[in-house]
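K.L.:
When you get a sec, could you give me coordinates for this:
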Amino acid sequence: MIELLLNADLYGPEPIGHRHLAVCGGRILWIGEEAPEIPQELLAGISDLEGRRLIPGLIDGHVHLTGGGGEAGAATRVPPLALSRITLGGVTTVVGVLGTDDLTRTPGALLATARGLVEEGLSAFCLTGGYHIPPVTITGSVRGDIVHIDRILGVGEVAISDHRSSQPTLEEILRLASEAHVAGLMTHKAGIVHLHLGDGPRGLELVRRALEVSEIPPRVFNPTHINRRKALFDEALALASLGCTVDITAFPVEEGEDAYSAEEAVARYLKAGLPRERVTVSSDGGGCLPTFDQEGRVAKMDVGSPAALALTLRALLEAGCPLGDALPPFTSNPARLLRLPEKGSIRVGADADLVVLDEAHRIRDVMAGGRWFVRAGRPAILGTFETPRRRGPAAAPAEE
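P.N.:
You can find the predicted model right below:
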């Protein structure tokens, strides 16, 4: 059965213009300037977008699908994310990670959670390991996990420059990167080392040294949270010039804080004249966002939300950034880094992961794999254990 989407202002993510689309079997079947004539018996439905902007589904490369936290005791373990919390933010592809707690949270549980989301209709992958070295794995090695397990794309988030890390050495980072890189070559997967950056003064020193003394390609090293300190962001720009893809986190930033908001970091990156394909934005959704005192104890905490991506995109557009420039860090860039060729763009043959924006740049409709998960700002499909909400005024999901 064919679903028709008419009168879209199409961004693929580059601006394309007024187009009609046909979707079938979870893929984009056809794109054209004139509406096609399709027999009624072959039509699953017709959606007239009335000139609204149609963009690729957002790709969130850093989500704590099983929940993060636990740094202030067992009661602070964040619950797993429900399906609609992801889709209401316009996210159609997620990559799950483990963080500080890679002991009671395991790669096996993360893998099962990702597979559950796939069964519910979302595209979900994960990374093996967690903050610490030696990494926790399923098969006994990082290379084995990436090669033998379909959903596992790389390793991470491995913590460096953080008091919660295992204080890895250069040799340990190199060994980990070689395992991931070779596994990626064997499988056509990303094979990345996704690196959590803490507040420590060493910053990205380990990555710089790894690039200096080894033959491992820069693309393997993928630092995240680079906007948590302004000096760290400058270090990350230098790494991007060498070939690393750097990841901005859409976490809240208070006025006067020594950090850049995600939208300011994206704007600064775009103005720096660096390769535009080497920057991504992720949400840290479901993860604990703690503030520590001088003794390393949690003083306060917040929880990341996948909706932060849509909020960041909206803030960029409200600041005057053209949509075609703002979209790649949320769509085509992570698809390229993660080696997911069917994701991140709107073209014939690509997955039918689509988002409709309203006039105020908010998420209006979300299609994942050819199915509508969000319509007019409300969830059309809920997760297995989600309870339907009572009908009321349409929510603005990106305002979480």
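K.L.:
When you work out contacts or count neighbours from here on, use the C-alpha atoms and nothing else.
P.N.:
OK.
K.L.:
What residues of stretch 169-180 count as buried?
P.N.:
Neighbour-count burial for stretch 169-180, counted by 16 or more other CA atoms under 10 Å, picks out 173-174, 176-180.
K.L.:
Show me the contact partners of it.
P.N.:
133, 142-143, 146, 154-155, 191-193, 206, 209-210, 214, 216, 220-221 (CA atoms under 8 Å, 6 or more residues apart in numbering).
K.L.:
avg pLDDT for it?
P.N.:
Mean pLDDT, stretch 169-180: 98.
K.L.:
ditto for stretch 40-49
P.N.:
According to the model, stretch 40-49 has a mean pLDDT of 93.
K.L.:
Regarding that stretch, how distant is the last residue from the first?
P.N.:
The first residue of stretch 40-49 is 20 Å away from its last residue (CA to CA, to the nearest Å).
K.L.:
list the buried ones in that stretch?
P.N.:
L49.
K.L.:
do the same with stretch 240-250
P.N.:
240, 242-250.
K.L.:
Check what contacts it and list those residues.
P.N.:
Identification of contacts with stretch 240-250 by CA under 8 Å, 6+ apart yields 217-228, 236-237, 239, 261-263, 265-266, 274-275, 277-284, 308-309, 312, 337.
K.L.:
hmm, try it at 6 Å
P.N.:
When contacts are taken as CA atoms under 6 Å, 6 or more residues apart in numbering, the neighbours of stretch 240-250 outside the stretch itself are 218-219, 222-227, 262, 278-283, 308.
K.L.:
of all the buried residues of stretch 169-180, which comes closest to I38?
P.N.:
Lowest distance from I38 to the buried residues of stretch 169-180 (CA to CA) belongs to A180, with 46.9 Å.
K.L.:
which residues sit in contact with the closest residue to I46 other than its chain neighbours?
P.N.:
Counting by CA to CA, 6 or more residues apart in numbering, L4 is the residue found nearest to I46 once chain neighbours are left out, at 4.7 Å. With contacts taken as CA under 6 Å, 6+ apart, L4 has the following neighbours: 21-22, 46.
K.L.:
repeat for G25
P.N.:
Counting by CA under 6 Å, 6+ apart, G25 touches no other residue.
K.L.:
what's the distance between the residue nearest to I46 and G32?
P.N.:
L4 sits 11 Å away from G32, taking CA to CA as the criterion.
K.L.:
ditto for Y260
P.N.:
As it turns out, when the distance is counted by CA to CA, Y260 lies 41 Å from G32.
K.L.:
List the contacts of the most centrally placed residue in the chain.
P.N.:
The structure's the chain has its C-alpha centroid closest to D60; by CA atoms, centre = their mean the separation is 1.4 Å. Applying CA under 6 Å, 6+ apart to D60 gives the contacts 94, 282.
K.L.:
Would you map out the domains in this protein?
P.N.:
Residue ranges of the domains in the chain are recorded as 2-55+345-399, 57-337, according to automatic domain parsing.
K.L.:
Where does A8 sit, in terms of helix or strand?
P.N.:
Using DSSP states H and E, the element containing A8 is strand 2-11.
K.L.:
Sheet-wise, list the partners of that strand with their directions.
P.N.:
According to DSSP bridges, strand 2-11 has the following sheet partners: strand 15-24 (antiparallel), strand 43-48 (parallel), strand 53-56 (parallel).
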